[in-house]
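K.L.:
compute the structure for the input listed below.
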Amino acid sequence: MNYPDVMEKLVSLCKRRGYIFQSSEIYGGTGSVWDYGPLGVELKKNIKDRWWHAMVRSRDDVEGLDAAILMNPRVWEASGHVAGFVDPLVDCRACKGRFRADKLEDARCLRKPSKHPGEFADCQLTEPRQFNLMFKTFMGAVEETAATVYLRPETAQGIFVNFLNVQQSMRKKVPFGIAQIGKAFRNEITPGNFIFRTREFEQMEMQFFVDPDKSSEWFDYWKGERMAWHRSLGLTEARLEFHQHTPAELAHYAKAAFDVQFDFGGTLGFQEIEGVHNRGDFDLKQHTEFSGKKLEYFDQAANRRYIPWVVETSVGADRVTLAVLVNAYREESVPGEDEGRVVLGIDPALAPIKAAVFPLTKKDGQPDMAHAIADGLRPQFPVDYDESGSIGKRYRRQDEVGTPFCITVDSESAADNSVTVRDRDTLAQDRVSTGEIARYLGDRLAR
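P.N.:
Sure thing, here's the model as predicted:
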């Protein structure tokens, strides 16, 4: 199925409805850096909470971690990022654009966007130069080479250098994992597609340490677990697929790698939102060599000492958030109405606002009753209160931000202590006792 390109409409909706804003917009913005607004931060937090529950809270073989962003620069020498985390870049002498030499077919000339860089005569490209993608800064008062540190380009290394700390303090036996959610930074030259590829982003990573002889078995296990998790977010089955890395695509240390890809529609199509990798023992060996500290595991039962292999699951929190939004966006007609509606059909459990409460009118005590209902629900659910505009406009606003339920106090509510609850997706309306609203919502949000 060819899904439409909704990115431009989604960017507009996200700004208008408080999901995502361009960073520093009043100063002209910062390239490919974004701020999450009141609704966006709730959606992203719900996704991160869902991941944390699945990976840490519901398991006894994975522990959590929150490693620092700034690390000893030797970490990045050991990992290979200082020497090898580079892109080949070329400059166009005519349009002054800078492009990745290995991605020219995906780039557009700044002077003539219908052409690729270098496609017409006066667009001469420089020879490729290597450009390191890590952000560099200085620690301390003096800007000198000895004080150089980096903003981490990934969160995985914080896990590897803490392998023994976690294993020994928590008395874990192999196999076990270490999970964390955190910011990473990459000085991307060709970022874009809204929050899909940015210079500051958030990762949800888990490194699972295993017996080398059982790495293939655990690799297959985590492939299945991670695809099932994405389905649980409500992502359409047909928009999800695995992509197996070819030998040419594999990182030099990887034994096997699969990407979970989501179809974003339009020309973007299927793109990676999570990677599942068999990293072998590369990382622990490298840090053993560079630090002089043996990062080994002693299996007492087998009287055997070895360096565990690692099965990695690495999810882009921003990319999954974008996938949820793209998957949820729809435009549809409404029976009996000339004007259609825009709906974010987000899974109710992930929706930033679970219910909106309206008084039908601003008289007969309806606002007071609606406020009381909203206040009573807030300890359990994120709730919005809205009394501005016609009831139809209020419904449309909530549909557009993905609110699954709208609760309306009307002229009958004071007499029989009941309200109308409207379902976002089916448009069905149920009459519910005010004392049963919390249970009603809880039952439906738990599905």
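K.L.:
doesn't Asp35 lie inside a strand?
P.N.:
Yes: Asp35 sits within a strand when classified using DSSP: H, G, I helix; E, B strand; the rest coil.
K.L.:
so what's it up against?
P.N.:
Ile20, Phe21, Gln22, Ser23 (C-beta atoms under 8 Å, 6 or more residues apart in numbering). From N, CA and C alone the C-beta is placed, and that goes for glycine too.
K.L.:
please redo it, this time with the cut-off set to 10 Å
P.N.:
Ile20, Phe21, Gln22, Ser23, Ser24, Glu25, Val41 (C-beta atoms under 10 Å, 6 or more residues apart in numbering).
K.L.:
for these, which single residue is the most surrounded?
P.N.:
Most neighbours among the contacts of Asp35, by other C-beta atoms under 10 Å: Ile20, with 26 neighbours.
K.L.:
could you verify my assumption that it touches Leu39?
P.N.:
Yes: using C-beta atoms under 10 Å, Ile20 is in contact with Leu39, at 8.8 Å.
K.L.:
burial measure for Asp375, as a count.
P.N.:
Asp375 has 12 nearby residues by other C-beta under 10 Å.
K.L.:
what's the first helix or strand after the helix or strand encompassing it?
P.N.:
Using DSSP states H and E, the element containing Asp375 is helix 366-377. Downstream of helix 366-377, the first helix or strand assigned by DSSP H and E is strand 383-385.
K.L.:
ok, and what's touching that following strand?
P.N.:
39, 352-359, 367, 370-371, 373-378, 394, 397-398, 401, 403, 405-407, 441.
K.L.:
that strand: which residues count as buried?
P.N.:
Neighbour-count burial for strand 383-385, counted by 16 or more other C-beta atoms under 10 Å, picks out Val383, Asp384, Tyr385.
K.L.:
cool, stretch 396-415 as well?
P.N.:
For stretch 396-415, by 16+ other C-beta under 10 Å, it's 396-410, 413.
K.L.:
next step: those restricted to helices.
P.N.:
Arg396, Arg397, Gln398, Asp399, Glu400, Val401, Ser413 (DSSP state H).
K.L.:
and those, which two are the farthest apart?
P.N.:
Distance extremes for these: the farthest pair is Glu400 and Ser413 at 25.6 Å, using C-beta to C-beta.
K.L.:
if we can go back for a sec, format the CA atom coordinates belonging to the helix holding Asp375 as CSV.
P.N.:
The C-alpha trace of helix 366-377 is given here as CSV (Å, rounded to 0.1, in the frame of the first residue of the first chain):
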residue,chain,number,x,y,z
GLN,A,366,-23.1,23.4,33.9
PRO,A,367,-19.5,24.9,34.0
ASP,A,368,-19.4,24.3,37.8
MET,A,369,-20.4,20.7,37.4
ALA,A,370,-18.0,20.2,34.5
HIS,A,371,-15.1,21.8,36.5
ALA,A,372,-15.9,19.4,39.4
ILE,A,373,-15.8,16.4,37.2
ALA,A,374,-12.5,17.4,35.6
ASP,A,375,-11.0,18.1,39.0
GLY,A,376,-12.2,14.7,40.2
LEU,A,377,-10.6,12.9,37.3
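K.L.:
helix, strand or coil for the nearest residue to Thr321 once chain neighbours are set aside?
P.N.:
Nearest-residue entry for Thr321: Lys44, 5.0 Å, with adjacent residues in sequence omitted and distances by C-beta to C-beta, 6 or more residues apart in numbering. Taken by three-state DSSP, the conformation at Lys44 corresponds to helix.
K.L.:
from Gly316, how far off is Lys44?
P.N.:
Taking C-beta to C-beta, to the nearest Å as the criterion, Lys44 is separated from Gly316 by 11 Å.
K.L.:
so what sits against both of the two?
P.N.:
Going by C-beta under 10 Å, 6+ apart, residues that sit against Lys44 and also against Gly316 are Ile195, Glu202.
K.L.:
burial of Asp106, as a residue count?
P.N.:
The number of residues packed near Asp106 is 12, by other C-beta under 10 Å.
K.L.:
hmm, it is touching Phe99, no?
P.N.:
Yes: the criterion here is C-beta under 10 Å, and Asp106 meets it with Phe99 at 9.1 Å.
K.L.:
and for the two, which residues touch both?
P.N.:
His116, Thr190.
K.L.:
which element is Phe21 on?
P.N.:
strand 20-22.
K.L.:
what's in contact with that strand?
P.N.:
Residues from elsewhere that reach strand 20-22, judged by C-beta under 10 Å, 6+ apart: 10-11, 13-15, 28-37, 39-41, 43-44, 194-195, 318, 321-322, 325.
K.L.:
which of these fall within strands?
P.N.:
Of those, the ones assigned to strands by DSSP state E are Trp34, Asp35, Tyr36.
K.L.:
wait, which of those is closest to Pro247?
P.N.:
Among the ones in strands among the contacts of strand 20-22, and counting by C-beta to C-beta, the member closest to Pro247 is Trp34, at 35.4 Å.
K.L.:
distance check, the closest one against Gly40.
P.N.:
From Trp34 to Gly40 the distance is 9 Å (C-beta to C-beta).
K.L.:
now for those two: what residues contact both?
P.N.:
Cys14, Tyr19, Ile20, Phe21, Ile195.
K.L.:
any idea which helix or strand comes after the helix-or-strand element of the chain with minimal mean pLDDT?
P.N.:
In the chain, the helix or strand scored least confidently by mean pLDDT, DSSP states H and E is strand 98-100, which has a mean of 72. Under the assignment DSSP H and E, the closest C-terminal helix or strand after strand 98-100 is strand 129-132.
K.L.:
got the buried residues for stretch 53-65?
P.N.:
Neighbour counts over stretch 53-65 (16+ other C-beta under 10 Å) mark Ala54, Met55, Val56, Val62, Glu63, Leu65 as buried.
K.L.:
among these, which lie within strands?
P.N.:
Members of these lying in strands (criterion: DSSP E): Val62, Glu63.
K.L.:
now the buried residues of stretch 53-65 in JSON lines, with distance to Ser418?
P.N.:
JSON lines is the format used below for these (distance: C-beta to C-beta, whole Å):
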{"residue": "Ala54", "distance to Ser418": "38"}
{"residue": "Met55", "distance to Ser418": "42"}
{"residue": "Val56", "distance to Ser418": "42"}
{"residue": "Val62", "distance to Ser418": "46"}
{"residue": "Glu63", "distance to Ser418": "48"}
{"residue": "Leu65", "distance to Ser418": "49"}
